[in-house]
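Asker: sequence-free structure coming up:
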C-alpha cells in the first residue's frame, strides 16, 4: 500500500488527534529519503538533523524492530513484562537509576535541539508501527521522546551490569533465584580493537583508522545518516539509538574500546537502626537513609500482569545493592543521561581532533570507553574516558571502601589532561585492545607511574603484544594492509604457552604413559607456526589444550590475583600441562574421530533464525571461520563454543562490525558485518555477508552519492 492511501485509511479510522499526528509524520517523511544499497544498508538523507533521526529510526525498525524494542525494554527496566518474573531482578537493578518520572524531568530540561531529535526518534518509530500493523510489539506500543534518555551510550553492557543480580535479589528478596555464574569459568573477552595510523607511516600520506568492535553478533546496525545541517556520519548504530556509535564522517573517525579505568565504586555503609529511623554513619554525623518504593510489573505464568513492590534504600553514594556482613553496600556510577546523549550525537559531527576534544570536555559523559581517533588533518589519538572520579589513591577501590570515612568520597572529576592519553605520537601509531593505556603507542605511551592506580584495572592481555607486533617498524601502511594487520593470524598466547608444554613433555620420565600417547600431538605443536587457519589441525589441538588448562588454572590464578594467562605460563604444573593435552586429544577424537581435525571443521558461523538468542545445529548449514577467540591473542575475534546437542563450536560474539577508513581528500572505507543487515530470515540481506565475514573480505563502503549510483536496490520515503 502506498503512503497516501494508507494514510487516508488510517486517518478515516483514527481520532482527529491521531489524524493530525499522522499528517505531521507524513509531512516529515516527505523531507526524508532512504536509499538501500546492494547490501541492504540504509543511506538516510533529511533536510534537518531531526529529519535524519526520524528516517534512521524508521530504517532500523524496518531491519529489526525486535532488537530495537528489546533494547528499550532492557534499559527502561521492563523486560519482566515480556519475560516473566525471572526478569524482575534485572528490571529492579535498572530502576534503581532509571524511572519514567526522572526521564521525563530530564527531557523537560534538555536543550531544544536535543528535544527535537528525541521527538523525531519517537516519531520515526511510531510512524513505522502505524504503517506496519502486522508488526506486533511485545510491550512498547508507543515510543515517547523521553525514552531515548534511558539508553544514551552504545557500548555492550553498561556500568550498571557491575551490580550482581544474585546479590541484589538476596538483599531485596531474601532469595537467590538469579543465575549464579561460576566465578572461574572462562568468559569470552568483550571489548574491541582500535588502531589509528599517522600519515607519516602510510604510503598515501593519509591517516587511517581501524574500527573493530568485539560484541555479540547482530548487536548493531550499519547505516549512513546525512542532513543539510552538517551531519554526514556512517558506521555502526546500536539498535534503537539515533547516533553513529563507532564510525566516521568525511573528515574524522572514532572507535570505542571498553576501558579498564575504575569508574564505578562500592561504599560499605555503617547502618544505625533506632526505633522509627534508619540512619548511616558519615564522619561524625548520622544521616538518614533515603527510603522509597519501586514497583516492577511482570507477566505471570497465566499471561496476566502482576507487580512486585520493593522498598529500596539509598545513601549519598547511591542505591544499596547488597550487604557484606553487617555493612550495606552502596553503588556509585555515572548517571548523566542528558549530557551523555548530547555528547554521543554531537561528536559524530566534529571534523577534527580539537573539536572532538571540545565536545568531550564540555560534557564529560563517557565513563566506560576509550576512544581511538583519526582525522583528515593527520591527527591521531588514544583518549581515556572523560568521566573519571577523582579519588584518594591511598584507598583500594577494587573493593568496597568505608562509606563512613569522608576521605573515600569522590571529589569531582579529573580534567581530560589528567588521564592517560596519546596525541599524534612520534612512533606513528596508537592502539587499544582493551588492555592498559601504558603500551598504546610503544615508546610514546603514557607512563604508568604518572597516574593513580584506578586509571587502569585491566592490565595486559595477549592482544596487546599482537597489536604491537603488527604495528611497530612499519612505514608503508595502506587501507588494505591495515585490514591485513587486523586479521593477522598469529596467536600470541600460544606462542608463549606452547613452549612451556614442550618443556613439560621433554622433562617427563621416559616411562610416563603420556610420553608415548602424546608424541605425535607434541611433534605437531613443535612444528606449528602459532598461526590460525581453517585447515590447521594444530589450531584445533592448541585451542582444546588451552581450554583444558584454563579450567585447571583459573581458580588458582584468581586466588593468586594473577591473570589466567600469566598463571598458565609461569605457575601451572607440568603434570597439569600434560594432562590438559591428553584431555584435548581425547575430546577431539571422541567428537570428531581424530585429534587431527582441521579448525574450520570445528569453528563455525551459523545463522538460522532471527532470534536474539540463537539456536545451533550440527546438521544445519554453517560456514568455516579460521580465526579464534580473542582469548588466545587473535586480533580478529570469534567467540565460539559448543552448545547443547552440538560438537562443533558456533560463534556468537567477537568481530561484529569491522571497518577501515582512509582520510584522504575524499574518505575511502571498507567494512563488513556479521551475517547481514536484516534480522528477517526471508530477507536477501539476512546472511549475505557471512562468507565475506568469515574470510575477512571487507566490502567497499558507499559513502558518496556517486558511489551509490548503480548499486541501489531501492530509494523511498518512510511509509512508502
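Answerer: Sure thing, it's come through. Nothing here was measured: the structure is a model prediction, and the numbers come from that model.

Asker: where do the strands sit along the stretch 551-700 of the chain?
Answerer: For the stretch 551-700 of the chain, strands defined by DSSP state E, counting those that start in this stretch occupy the ranges 603-605, 623-624, 638-641, 649-655, 657-663, 667-673, 699-700.

Asker: Which one, of the ones you listed, ends up nearest to residue 88?
Answerer: strand 649-655 (25.5 Å; Cβ to Cβ). No exception for glycine: its C-beta is placed from N, CA and C like everyone else's.

Asker: Who are the packing partners of that closest one?
Answerer: strand 207-216, strand 603-605, strand 638-641 (3 or more Cβ pairs under 8 Å, 6 or more residues apart in numbering; DSSP states H and E).

Asker: Single out the most deeply packed of those.
Answerer: When the helices and strands packed on strand 649-655 are scored by mean count of other Cβ atoms under 10 Å, the highest mean neighbour count falls to strand 207-216 (a mean of 26).

Asker: Would you mind identifying the next helix or strand past that one?
Answerer: strand 220-227 (DSSP states H and E).

Asker: Mind putting the strands of the stretch 551-700 of the chain into CSV with distance to residue 303 and mean pLDDT?
Answerer: Compiled in CSV, those are given as follows (distance: least, Cβ to Cβ, whole Å; pLDDT from 0 to 100):
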stretch, distance to residue 303, mean pLDDT
strand 603-605, 37, 98
strand 623-624, 39, 98
strand 638-641, 34, 96
strand 649-655, 30, 96
strand 657-663, 38, 98
strand 667-673, 37, 98
strand 699-700, 45, 98
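
Asker: Tell me which of the ones you listed sits nearest to residue 489.
Answerer: Among the strands of the stretch 551-700 of the chain, strand 638-641 comes nearest to residue 489, with 12.1 Å by Cβ to Cβ.

Asker: before we move on, back to that, need the helices and strands packed on strand 649-655 in a markdown table (columns: distance to residue 100).
Answerer: Formatted as a markdown table, these follow (distance: least, Cβ to Cβ, whole Å):
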| stretch | distance to residue 100 |
| --- | --- |
| strand 207-216 | 28 |
| strand 603-605 | 40 |
| strand 638-641 | 35 |
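
Asker: any idea which helix or strand of the chain has the worst average confidence?
Answerer: When each helix and strand of the chain is scored by mean pLDDT, DSSP states H and E, helix 3-13 comes last, with a mean of 45.

Asker: so how far is residue 694 from the nearest residue to residue 477 once chain neighbours are set aside?
Answerer: Closest residue to residue 477 apart from its sequence neighbours, by Cβ to Cβ, 6 or more residues apart in numbering: residue 202 at 4.6 Å. Using Cβ to Cβ, to the nearest Å, one obtains 28 Å as the distance from residue 202 to residue 694.

Asker: And residue 381, by the same measure?
Answerer: Computed as Cβ to Cβ, the residue 381 to residue 694 distance reads 32 Å.

Asker: next one: residue 65
Answerer: 28 Å.

Asker: and if you look at residue 682?
Answerer: Noted for residue 682: a distance of 22 Å to residue 694, by Cβ to Cβ.

Asker: Of these two, which one has the most company?
Answerer: In this view residue 682 and residue 694 are compared by other Cβ atoms under 10 Å, and residue 694 has more residues nearby, 24 against 7.

Asker: which ones are touching the more buried one?
Answerer: Shown here is residue 694, whose contacts under the criterion Cβ atoms under 8 Å, 6 or more residues apart in numbering are 605, 623-626.

Asker: quick check, nearest of those residues to residue 424?
Answerer: Comparing these against residue 424 with Cβ to Cβ places residue 626 closest, at 34.7 Å.

Asker: Can you show me the helices along the stretch 1-150 of the chain?
Answerer: 3-13, 16-29, 49-75, 80-83, 88-95, 100-108, 112-131 (DSSP state H, counting those that start in this stretch).

Asker: closest one to residue 401 among those helices?
Answerer: helix 88-95 (21.4 Å).

Asker: That closest one versus helix 100-108: what angle between them?
Answerer: If you take axes from the mean of the first three to the mean of the last three Cα atoms, to 10 degrees, helix 88-95 sits at 30 degrees to helix 100-108.

Asker: for stretch 588-601, what is the average pLDDT?
Answerer: For stretch 588-601, mean pLDDT is 98.

Asker: If you count neighbours, what's buried in that stretch?
Answerer: For stretch 588-601, the neighbour count (16 or more other Cβ atoms under 10 Å) marks 588, 592, 595-601 as buried.

Asker: Make CSV from the strands of the stretch 551-700 of the chain and add distance to residue 546 to it.
Answerer: Output for the strands of the stretch 551-700 of the chain, formatted as CSV (distance: least, Cβ to Cβ, whole Å):
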stretch, distance to residue 546
strand 603-605, 14
strand 623-624, 20
strand 638-641, 13
strand 649-655, 13
strand 657-663, 24
strand 667-673, 27
strand 699-700, 33
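
Asker: Check the contact between residue 456 and residue 436; I expect there is one.
Answerer: Yes: here residue 456 reaches residue 436: they are 4.4 Å apart, a contact under Cβ atoms under 8 Å.

Asker: got any residues that touch both of the two?
Answerer: Common neighbours of residue 456 and residue 436 (Cβ under 8 Å, 6+ apart) are 260, 448.

Asker: wait, is residue 196 part of a strand?
Answerer: Yes: residue state for residue 196 (DSSP: H, G, I helix; E, B strand; the rest coil) corresponds to a strand.

Asker: which stretch of helix or strand covers the residue positioned nearest the centre of the chain?
Answerer: Most central in the chain under Cα atoms, centre = their mean is residue 156, positioned 3.1 Å from the mean C-alpha point. Secondary structure assignment for residue 156, by DSSP H and E: no helix or strand.

Asker: Skipping adjacent residues, who's closest to it in space?
Answerer: Closest residue in space to residue 156, ignoring its immediate chain neighbours: residue 215 at 4.5 Å, by Cβ to Cβ, 6+ apart.

Asker: what do you get for residue 308?
Answerer: Counting by Cβ to Cβ, 6+ apart, residue 308 lies nearest to residue 296, which is 5.2 Å off, once chain neighbours are set aside.

Asker: again with residue 351
Answerer: Closest residue to residue 351 apart from its sequence neighbours, by Cβ to Cβ, 6+ apart: residue 251 at 3.8 Å.

Asker: what does residue 485 give?
Answerer: Once flanking residues are discounted, residue 485 sits nearest to residue 470: 4.1 Å by Cβ to Cβ, 6+ apart.

Asker: likewise residue 642?
Answerer: That would be residue 649: by Cβ to Cβ, 6+ apart, it lies 6.0 Å from residue 642.

Asker: Can you list the low-confidence ranges for this structure?
Answerer: Scanning the chain for pLDDT under 70 picks out the ranges 1-14, 178-190.

Asker: run the last query once more with 90
Answerer: By pLDDT under 90, the low-scoring segments of the chain are 1-19, 153-158, 174-191, 274-276.

Asker: farthest residue from the center of it?
Answerer: In the chain, by Cα atoms, centre = their mean, residue 511 is the one farthest from centre (50.3 Å).

Asker: And it, how close does it get to residue 517?
Answerer: Counting by Cβ to Cβ, the gap from residue 511 to residue 517 is 13 Å.

Asker: Verify the contact between the residue nearest to residue 642 and residue 601 for me.
Answerer: No: with contact defined as Cβ under 8 Å, residue 649 does not reach residue 601; the gap is 10.0 Å.

Asker: can you give me the helices in the stretch 201-350 of the chain?
Answerer: Under DSSP H, counting those that start in this stretch, the stretch 201-350 of the chain gives helices at 337-346.

Asker: need the contact list for residue 602.
Answerer: 540, 592, 648-649.
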